[in-house]
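*Asks:* from the sequence below, what's the structure:
(chains A and B)
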There are 2 protein chains.
Amino acid sequence: MKDLPLFYAPQLREEQQLPEAEALHAIKALRTSIGDELLVTDGQGMLYETIVTAVDRRHCFVSITREQIWNKYWSGRWSVAIAPTKSVDRIEWMIEKMVEVGVDEIILLRTKHSERKHINQERLERIVQSAMKQSQKALLPALRTDINFADLLSEAKQPIRLIAHCREGMSPERVTIDRAFSPKQDILIAIGPEGDFTIEELEEAIRTGFVPVTLGESRLRTETAGLIALQWLHTLHMLSLHNTTENSK
Amino acid sequence: MKDLPLFYAPQLREEQQLPEAEALHAIKALRTSIGDELLVTDGQGMLYETIVTAVDRRHCFVSITREQIWNKYWSGRWSVAIAPTKSVDRIEWMIEKMVEVGVDEIILLRTKHSERKHINQERLERIVQSAMKQSQKALLPALRTDINFADLLSEAKQPIRLIAHCREGMSPERVTIDRAFSPKQDILIAIGPEGDFTIEELEEAIRTGFVPVTLGESRLRTETAGLIALQWLHTLHMLSLHNTTENSK
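*Replies:* Predicted coordinates for the structure are as follows:
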């Protein structure tokens, strides 16, 4: 696919035009006109090269010239569940970075120690979309907010379920993520809030099959921990590809 | 060491008191008074448990009750050299996160494509200090700003020198960091600016012994790439500890 600015149009096939906000951006900020080429994704895995067929003040019609399935460069479906931080900026930053690095689902948790802040879901969804476009991906990560920790535990069906915490001396001992990782599997990793999960929350998670993990010896802020946990998965996935290649030689 | 708020006093042994800014924070924000315990670091690897012996409006005198060498949890000296982004916020964010995750030196580069922004060194140093304290470390990372890329190439002496870039088709091909990593070595990793290193810059780096690396398939923003590169080192270091343990069994 050509290296062009990426637009998000979930209904591109049906509507053959950009949604209004994207159209306005194309027309006003990029001064798009008839005959220009645009790269468009439906956020469901497809990339389209298109050519602009008509524009007016609020519409930008396009015709698809080429299409391609986007190569999701990790396998399995990866979800990160995390309690929002006190500072909204830090949640927003974290969401942007997770989408850049690559994630399938971000779940904002309510835990015993999490902040009961109002979450502006619409604003966070715009951040997800914008980071997807900026990092040239064609799969829009799911964003779920305000999920109770107990509900997460009862509904989670991923074969690999991890819970990162900082409490010393709990049993079983925490392992590093590589000890629990397996490539091509669906993975859920839960990250504690400022003040961490409570002992009861951890015990309940472990009872339902979560593996307690550590991200290393540094004391990370919540939002940093979320991103670093996700990057562990990506690094381990890439290392597993090497091993596969080498074993097949 | 006790779990107390950490203060930074580079001359603690000589002066037996906190520097003024730290003293003001202790007195005004935390309402510290005589007999209180404070954790203090000199930023050079020492942690001190102290007890407050005297306070007035601008001074906070302490007496050391216990000292301990901080356990730096990675080996070798790790430097990240990176061109500042257009947005100052993003540089600041990146510096905070690198210090949290663990780094020895951050070098802000001038490259062909980097932004010629004025850098407020003092403000960035305060961010480094604050992130060191917040993440309970006792080694203040060095921060060097405004270093020419050519000077970096000629002065760099680390046995492992890596350069991350996104240009396709250059020779030699980029490898993932694990292919070039070795535990306990000093490592320098250079990250390109928005717009990347030029072909000439890359060729010159490779000529002087830098190994071209890739951070994976995602298109990362500069500041994200810096943090992710550093986290690769930490993950590989932790995995190498496992291998050492297993081989010695």
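*Asks:* only C-alpha atoms from now on, for both contacts and neighbour counts.
*Replies:* OK.
*Asks:* and the residue nearest to the spatial centre of chain A, what does it touch?
*Replies:* Centroid-nearest residue in chain A: residue A:103, 3.2 Å away (criterion: C-alpha atoms, centre = their mean). When contacts are counted by C-alpha atoms under 8 Å, 6 or more residues apart in numbering or on different chains, residue A:103 touches A:77, A:78, A:79, A:80, A:141, A:230.
*Asks:* point out the ones among those that are inside strands.
*Replies:* Counting by DSSP state E, the part of the contacts of residue A:103 found in strands is A:78, A:79, A:80.
*Asks:* of these, closest to residue B:218?
*Replies:* residue A:78 (15.4 Å; C-alpha to C-alpha).
*Asks:* which residues does that closest one form beta bridges with?
*Replies:* residue A:187 (DSSP bridges).
*Asks:* one step back: any idea which helix or strand carries the residue nearest to the centre of chain A?
*Replies:* Using DSSP states H and E, residue A:103 is not contained in any helix or strand.
*Asks:* residue A:166 contacts residue A:214, correct?
*Replies:* Yes. Assessed by C-alpha atoms under 8 Å, residue A:166 is found in contact with residue A:214 at 7.2 Å.
*Asks:* next one: the helix or strand where residue A:236 lies to chain centre, how far?
*Replies:* According to DSSP H and E, residue A:236 maps onto helix A:222-247. Here the centre of helix A:222-247 is set off from its chain's centre by 15 Å, with C-alpha atoms, centre = their mean, to the nearest Å.
*Asks:* tell me what it is packed against?
*Replies:* strand A:78-82, helix A:88-101, strand A:187-191, helix B:222-247 (3 or more C-alpha pairs under 8 Å, 6 or more residues apart in numbering or on different chains; DSSP states H and E).
*Asks:* can you say which of the ones you listed is nearest to residue B:20?
*Replies:* Comparison of the helices and strands packed on helix A:222-247 against residue B:20 by C-alpha to C-alpha identifies helix A:88-101 as nearest, at 29.3 Å.
*Asks:* contacts only, for residue A:229.
*Replies:* Contacts of residue A:229 were listed using C-alpha under 8 Å, 6+ apart, and they are A:189, A:215.
*Asks:* of the ones in strands among the contacts of residue A:103, closest to residue B:28?
*Replies:* For the ones in strands among the contacts of residue A:103, the closest approach to residue B:28 (C-alpha to C-alpha) belongs to residue A:80, at 38.5 Å.
*Asks:* does that closest one touch residue A:190 like I think?
*Replies:* Yes. Counting by C-alpha under 8 Å, residue A:80 does reach residue A:190; the two are 6.0 Å apart.
*Asks:* neighbour count for those two, which is higher?
*Replies:* More neighbours surround residue A:190 than the other of residue A:80 and residue A:190, with 28 against 24 (other C-alpha atoms under 10 Å in any protein chain shown).
*Asks:* contact partners for that one?
*Replies:* Contact partners of residue A:190, counting by C-alpha under 8 Å, 6+ apart, are A:80, A:81, A:82, A:161, A:162, A:163, A:164.
*Asks:* picking that back up, closest one to residue A:65 among the helices and strands packed on helix A:222-247?
*Replies:* helix A:88-101 (26.9 Å).
*Asks:* packing partners of that closest one?
*Replies:* helix A:121-134, helix A:222-247.
*Asks:* so the host helix or strand of residue A:201 versus strand A:187-191, what angle?
*Replies:* Here residue A:201 sits within helix A:199-207, counting by DSSP H and E. Per axes from the mean of the first three to the mean of the last three C-alpha atoms, to 10 degrees, the angle that helix A:199-207 makes with strand A:187-191 is 170 degrees.
*Asks:* buried set for helix A:199-207?
*Replies:* For helix A:199-207, the neighbour count (16 or more other C-alpha atoms under 10 Å in any protein chain shown) marks A:201, A:202, A:203, A:205, A:206 as buried.
*Asks:* number of residues surrounding residue A:89?
*Replies:* Neighbours of residue A:89 (other C-alpha under 10 Å): 10.
*Asks:* what does residue A:116 give?
*Replies:* The number of residues near residue A:116, taken as other C-alpha under 10 Å, comes to 14.
*Asks:* equivalent analysis for the one 10 residues further on, please.
*Replies:* Counted by other C-alpha under 10 Å, the residues lying close to residue A:126 total 12.
*Asks:* quick check: pLDDT value at it.
*Replies:* Residue A:126 is assigned 96 on the pLDDT scale.
*Asks:* do residue A:249 as well
*Replies:* On pLDDT, residue A:249 comes in at 46.
*Asks:* any idea which element the closest residue to residue A:5 other than its chain neighbours lies in?
*Replies:* Once flanking residues are discounted, residue A:5 sits nearest to residue A:39: 6.1 Å by C-alpha to C-alpha, 6 or more residues apart in numbering or on different chains. Residue A:39 belongs to strand A:37-41 when assigned by DSSP H and E.
*Asks:* flag every buried residue along that strand.
*Replies:* A:37, A:38, A:39, A:40, A:41.
*Asks:* rebuild these as a markdown table, extending it with pLDDT.
*Replies:* Formatted as a markdown table, the buried residues of strand A:37-41 follow (pLDDT from 0 to 100):
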| residue | pLDDT |
| --- | --- |
| A:37 | 96 |
| A:38 | 96 |
| A:39 | 97 |
| A:40 | 98 |
| A:41 | 98 |
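*Asks:* between those residues, which sits nearest residue B:96?
*Replies:* residue A:41 (33.6 Å).
*Asks:* tell me how far that closest one lies from residue B:158.
*Replies:* Per C-alpha to C-alpha, to the nearest Å, residue A:41 is found 43 Å from residue B:158.
*Asks:* what about stretch A:149-156, distance to the chain center?
*Replies:* On the basis of C-alpha atoms, centre = their mean, stretch A:149-156 sits 19 Å off its chain's mean C-alpha point.
*Asks:* cool, stretch A:73-90 as well?
*Replies:* On the basis of C-alpha atoms, centre = their mean, stretch A:73-90 sits 6 Å off its chain's mean C-alpha point.
*Asks:* how long is that stretch from one end to the other?
*Replies:* Criterion C-alpha to C-alpha; first-to-last residue distance in stretch A:73-90 is 26 Å.
*Asks:* report the buried residues of the lowest-mean-pLDDT helix or strand in chain A.
*Replies:* Ranked by mean pLDDT, DSSP states H and E, the weakest helix or strand in chain A is helix A:222-247, scoring a mean of 90. For helix A:222-247, burial by neighbour count (16+ other C-alpha under 10 Å) applies to A:222-239.
*Asks:* report the residue ranges of every domain in chain A.
*Replies:* A:6-69, A:78-244 (automatic domain parsing).
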